[in-house]
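Participant: quick one, what's the 3D model for this:
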Amino acid sequence: MTGDRATLDRTAEALCRDFAIAWSAGASWGTWTQLGDLRAGHPAFVIRHTPEGTGLDTQRWGIGEGPDATTRIPSLALPWWRRLAERPAQRCLIPLTAATLTARARPGRDRRAAWFALADEPVFTVAGLWRESGDARCFVMVECGADHGADALFPTMPMIVAVPDRERWLHGAMQDIAALGRPCPPERLRIGLPRPAAPIVHSSQG
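Facilitator: Predicted coordinates:
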């Protein structure tokens, strides 16, 4: 399993209120009041389309099993992931306070991860795709090129979906969402963890 990390400092109740959504029926991976310290292979909140409308779900971060599970995909151009993305019902948004970026390897140095947040959005959303895996639902994050030059420290980053584009990502046609895969302007990025990760609070396991 990869060392992917993220944080979220909002409760499920606050997310439903702020995004004007409801809990989806039959949430996967249990019912949680808060998921703060997010790690690959563990549950996280996602926003997705349901037969009742757009709702909040709980899904495992990573499609596949064990260390070979996929947690991030570099683009929607890969055929298997493109076929999944062509179905709006399989798209989701992952609300986050902060997430990790993987730095480009330097001579004599290993690749390393650094935290980032957005200076102008305390909670932002990242594009995701999900699918059924056994009796649970699992998701991956979609990435895009950082596009800050060949020597950029971070060659890729999560595909951040701006507030006006959220409905477009969840419900738009494939040609409509292709343009969303653009990097976040560097002036909006704030490198570092804005606050300690919130503890995981579990209300009930279903």
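
Participant: give me the neighbour count for D176.
Facilitator: 12 (other Cβ atoms under 10 Å). C-beta: built from backbone N, CA, C; applies to glycine.

Participant: ditto for the one 4 residues further on
Facilitator: L180 is flanked by 19 other residues according to other Cβ under 10 Å.

Participant: surely it touches D165?
Facilitator: Yes: if you go by Cβ atoms under 8 Å, L180 and D165 touch, sitting 5.6 Å apart.

Participant: in this structure, where is pLDDT below threshold?
Facilitator: Within the chain, the segments meeting pLDDT under 70 span 1-3, 25-30, 103-112, 146-153, 195-206.

Participant: so where do the helices sit in it?
Facilitator: Along the chain, counting by DSSP state H, helices occupy 12-18, 79-85, 166-171, 174-177.

Participant: mind giving me the packing neighbours of the last one?
Facilitator: Right, the one you point to is helix 174-177. helix 79-85, helix 166-171 (3 or more Cβ pairs under 8 Å, 6 or more residues apart in numbering; DSSP states H and E).

Participant: how much space separates the closest residue to Q90 other than its chain neighbours from G53?
Facilitator: Distances taken as Cβ to Cβ, 6 or more residues apart in numbering put L84 closest to Q90, at 5.0 Å, once the chain neighbours are dropped. To G53, L84 is 21 Å away according to Cβ to Cβ, to the nearest Å.

Participant: more neighbours: which of these two?
Facilitator: L84 (19 against 9).

Participant: contacting residues for that one?
Facilitator: Contacts for L84 (Cβ atoms under 8 Å, 6 or more residues apart in numbering) come out as Q90, L129, R131.

Participant: arrange the residues you listed in CSV, one row each, with neighbour count and distance to D120 as further columns.
Facilitator: Listed next are the contacts of L84 as CSV, based on neighbours: other Cβ atoms under 10 Å; distance: Cβ to Cβ, whole Å:
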residue, neighbour count, distance to D120
Q90, 18, 29
L129, 22, 26
R131, 13, 32
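
Participant: check the gap between the residue nearest to Q90 and R17 for me.
Facilitator: L84 is 30 Å from R17, by Cβ to Cβ.

Participant: returning to what we had before: for the helices and strands packed on helix 174-177, which one ends up most surrounded?
Facilitator: Neighbour counts (mean count of other Cβ atoms under 10 Å) averaged over each of the helices and strands packed on helix 174-177 peak at helix 166-171, with a mean of 17.

Participant: please state the offset of that helix from the chain centre?
Facilitator: Mean C-alpha position of helix 166-171 versus that of the full chain (Cα atoms, centre = their mean, to the nearest Å) differs by 14 Å.

Participant: same deal with stretch 53-60?
Facilitator: Relative to the chain's own centre, stretch 53-60 is displaced by 12 Å; criterion: Cα atoms, centre = their mean.

Participant: count the residues that sit near S75.
Facilitator: When neighbours are counted by other Cβ under 10 Å, S75 comes out with 15.

Participant: what is the nearest residue to R182 once chain neighbours are set aside paired to in the beta sheet?
Facilitator: The shortest distance from R182 to any non-neighbouring residue, by Cβ to Cβ, 6+ apart, is to C144 (6.4 Å). Beta-bridge partners for C144, by DSSP bridges, are M157.

Participant: many thanks, I have nothing further to ask.
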